[in-house]
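# turn this into a structure:
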Amino acid sequence: MSFLQADIPVLFCDEALLVIYKPAGLSTLPDGYDPSLPHIRALLESQYGRLWIVHRLDKETSGVLCLARSADAHRSLNTQFEQRLVSKIYHALVAGTPVWQEKTVDLPLRINADRRHRTVVDPQNGLLASTSFTVLERLGSYSLLQAIPATGRTHQIRAHLAALGLVIVGDRLYARKSPAREAGGEPVSQLPTDAFIDQVGSMLLQALSLEITHPIIRQRIKFTAPYTDKMIAILQQLRSQY
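Below you'll find the model as predicted:
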């Protein structure tokens, strides 16, 4: 998939910050295996000057991404992320129907844990990770979830959902081929096996909003991204059926 600068909508820009809507399929940083592939910084620096990466979104994830436009702004934002002073909200459409309405997952994660570079739960060697989930809507064999991560581990939401026996629609990396059990041994429902998931293409995980303290004016500011057209269409399709 090829990307142009015009494919990256700008949500906010001033002398300190550049906040964009990252499309699914575009990397935040250079690809470790193929540095020639397009990535956010390479596409935007020609117009906005030097940019500092503050946080990352998975290549397959769409939504709000914040970049710093100065070293001072970068230091301020890094401190906020390190001290967990940033509020992040994600929405995901998952295959499966959890028995709970709200659930906080506190399971240590070890990144890059296998040959497919997945993140896995590892109580002995994993890093502290916490994600709070809420079911927003139940749509037959699917559920629309809100995820609020308190930490920022690679693939955290995807790995915690996998531990609960749930898979994000379109996420082939963490998809299970057999029924799973929730962390702690609780069984979960059989995942749907129809062709719907295979038709989706990109993963339906969206970084919906990001709230930070502005590095210069020191006021809280929140950025929100609308659902992708694909997410809207699929939700409308499911709502018409259930």
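# mind listing what residue 104 touches?
Contacts for residue 104 (C-beta atoms under 8 Å, 6 or more residues apart in numbering) come out as 130, 131, 132, 133. Every residue, glycine included, has its C-beta placed from N, CA and C.
# do that again at 10 Å, thanks
Residues counted as contacts of residue 104 (C-beta atoms under 10 Å, 6 or more residues apart in numbering) are 130, 131, 132, 133, 134, 148, 150, 160.
# how many neighbours does the closest residue to the fourth one other than its chain neighbours have?
Just to be clear, that refers to residue 133. With sequence-adjacent residues excluded and distances taken as C-beta to C-beta, 6 or more residues apart in numbering, residue 133 is closest to residue 103, at 5.0 Å. Using other C-beta atoms under 10 Å, residue 103 has 17 neighbouring residues.
# does residue 103 touch residue 143 like I think?
No: with contacts counted by C-beta atoms under 10 Å, residue 103 stays clear of residue 143, the gap being 11.8 Å.
# who touches both of those two?
Shared between the contact lists of residue 103 and residue 143 (criterion: C-beta under 10 Å, 6+ apart) are residues 133, 135.
# pretty sure residue 98 is one of the things residue 141 touches, is it not?
No: here residue 141 lies out of contact with residue 98, judged by C-beta under 10 Å, at a distance of 11.7 Å.
# the more surrounded of these two?
residue 98 (21 against 18).
# check which helix or strand that one maps to.
Assigned by DSSP states H and E, residue 98 belongs to neither a helix nor a strand.
# shift numbering so it begins at 769
Sure, I'll start counting at 769 from here, so that last one is residue 866.
# got phi/psi on it?
Backbone geometry at residue 866, expressed as degrees, to the nearest 10, gives phi -60, psi 150.
# tell me how far it lies from residue 827.
26 Å (C-beta to C-beta, to the nearest Å).
# equivalent analysis for residue 846, please.
22 Å.
# who's more crowded, those two?
residue 827 (17 against 14).
# could you check how far the more buried one is from residue 861?
From residue 827 to residue 861 the distance is 18 Å (C-beta to C-beta).
# go on, residue 835?
In terms of C-beta to C-beta, residue 835 sits 27 Å off from residue 861.
# what's the answer for residue 828, then?
13 Å.
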